[in-house]
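Engineer: Only the shape, not the letters, is given here:
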């Protein structure tokens, strides 16, 4: 897979340029000359302190600006390794690799045995009913935080990284996390430059129209040394007998390579299905669920 010409505009630099275009002047940082710093004795207690106005900008507004300056998929393609042999893949195929590179997402089916799927589903449902899962949106105090959207998502989650006590309780879930952290991780590391860091989260969506509004898992970047931004998102579903009308589809917003009209791709959360997409590229949402929906997500950095 050939990468496009290199772009040395790092994420931080692009954000700073955006701030400058909006007139968001950042204060100069004092140099090493400590004498240039104001003395405590220069401050008069009665002086009126100047209050700096801060211009609010939403995450989606910032993402839209970054996308307008450079299609995010072009940046993300620079994170792909140049010489990739699909013959060494354990779970991915050459087609999966090409789709992830050119489209930003790909789908694999039947990656987990049905018996394992049912066991994980039973355990996840039990944990939710036992109150062991946290509401993902958290407790929202509108008076303390009036700008936060408290209803953006309605799922309940639990972190299940390797070594977690929860994996000792569910051998089936442990088997799934092993698949994420070993076979799939190894394949993705051959395809994309990763740092070895990953997060694992089990999510439960109650059958009450719970959903997750449009969002993105990270900012777009082409910086291989960046360890903060997620690079690939992987989701596996545990919903046997899912039928159309049950809801809970993953909606992917495909912006294409340039000024193409945005497409919406709805992926059914069928049991054993795995969806992979570039974290800093694809906006996505979970449509309202009318049946219990359980999914395991991994984010690779």
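Structural biologist: On my side now, so go ahead. Bear in mind that the values here come from a model prediction, so they are computed numbers and not experimental data.
Engineer: got a list of what residue 216 touches?
Structural biologist: Contact analysis of residue 216 by C-beta atoms under 8 Å, 6 or more residues apart in numbering lists 59, 63, 279-284. Yep, even glycine has a C-beta here, placed from its N, CA and C like the rest.
Engineer: Buried subset of the residues you listed, written for PyMOL?
Structural biologist: Once 16 or more other C-beta atoms under 10 Å is used to decide burial, the buried members of these can be selected in PyMOL as follows:
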select buried, resi 63+279+280+281+282+283+284
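Engineer: Turn the contacts of residue 216 into TSV, including secondary structure.
Structural biologist: Written out in TSV, the entries for the contacts of residue 216 read as follows (DSSP: H, G, I helix; E, B strand; the rest coil):
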residue	secondary structure
59	helix
63	helix
279	coil
280	coil
281	coil
282	coil
283	strand
284	strand
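Engineer: okay, who's weakest in the contacts of residue 216 by pLDDT?
Structural biologist: Scanning these for pLDDT, the smallest score is found at residue 59, 76.
Engineer: Could you pull up the contacting residues of that one?
Structural biologist: Residue 59 neighbours (C-beta under 8 Å, 6+ apart): residue 216.
Engineer: Which member of the contacts of residue 216 is positioned nearest residue 299?
Structural biologist: For residue 299, the nearest member of the contacts of residue 216 is residue 279. The distance, counting by C-beta to C-beta, is 6.3 Å.
Engineer: how close does the closest one get to residue 113?
Structural biologist: 27 Å (C-beta to C-beta, to the nearest Å).
Engineer: now swap in residue 273 and tell me
Structural biologist: In this structure, residue 273 and residue 113 are 13 Å apart, going by C-beta to C-beta.
Engineer: name the element residue 253 belongs to?
Structural biologist: When secondary structure is defined by DSSP states H and E, residue 253 falls within strand 250-254.
Engineer: between whatever helix or strand comes next after that strand and strand 250-254, how many degrees?
Structural biologist: Scanning forward in sequence from strand 250-254, with DSSP H and E defining helices and strands, the next element found is strand 263-267. An angle of 160 degrees separates the directions of strand 263-267 and strand 250-254 when computed by axes from the mean of the first three to the mean of the last three C-alpha atoms, to 10 degrees.
Engineer: Go through stretch 66-80 and flag the buried ones.
Structural biologist: The neighbour-count check on stretch 66-80 (16+ other C-beta under 10 Å) flags 66-67, 71-80 as buried.
Engineer: Which one of those residues is nearest to residue 168?
Structural biologist: residue 79 (34.5 Å).
Engineer: Could you report the separation of residue 269 from residue 248?
Structural biologist: As for residue 269, its distance to residue 248 is 5 Å (criterion: C-beta to C-beta).
Engineer: between these two, what contacts are shared?
Structural biologist: Joint contacts of residue 269 and residue 248 (C-beta under 8 Å, 6+ apart) are 239, 242, 293.
Engineer: Most neighbours out of the residues you listed, which is it?
Structural biologist: By neighbour count, taken as other C-beta atoms under 10 Å, the most surrounded of the shared contacts of residue 269 and residue 248 turns out to be residue 293 (27 neighbours).
Engineer: just checking, that residue touches residue 240?
Structural biologist: No: with the criterion set as C-beta atoms under 8 Å, residue 293 and residue 240 do not qualify as a contacting pair; they are 11.6 Å apart.
Engineer: ok so, going back, keep only those of the buried residues of stretch 66-80 that are in strands.
Structural biologist: Secondary-structure check on these using DSSP state E: no residue lies within strands.
Engineer: So which of the residues you listed are in helices?
Structural biologist: Among the buried residues of stretch 66-80, the members falling in helices are 66-67, 72-77 (criterion: DSSP state H).
Engineer: quick revisit: ok, of the contacts of residue 216, which one's closest to residue 97?
Structural biologist: Nearest to residue 97 among the contacts of residue 216, counting by C-beta to C-beta, is residue 281 at 15.4 Å.
Engineer: Pop out the phi and psi values for the closest one.
Structural biologist: When quoted as degrees, to the nearest 10, the phi and psi of residue 281 stand at phi -110, psi -50.
Engineer: sorry, back to before: which one of the contacts of residue 216 sits closest to residue 197?
Structural biologist: Set against residue 197, the nearest of these by C-beta to C-beta is residue 279 (12.4 Å).
Engineer: ok, now which ones touch that closest one?
Structural biologist: Each residue near residue 279 by C-beta under 8 Å, 6+ apart is listed here: 216-218, 229-233, 299.
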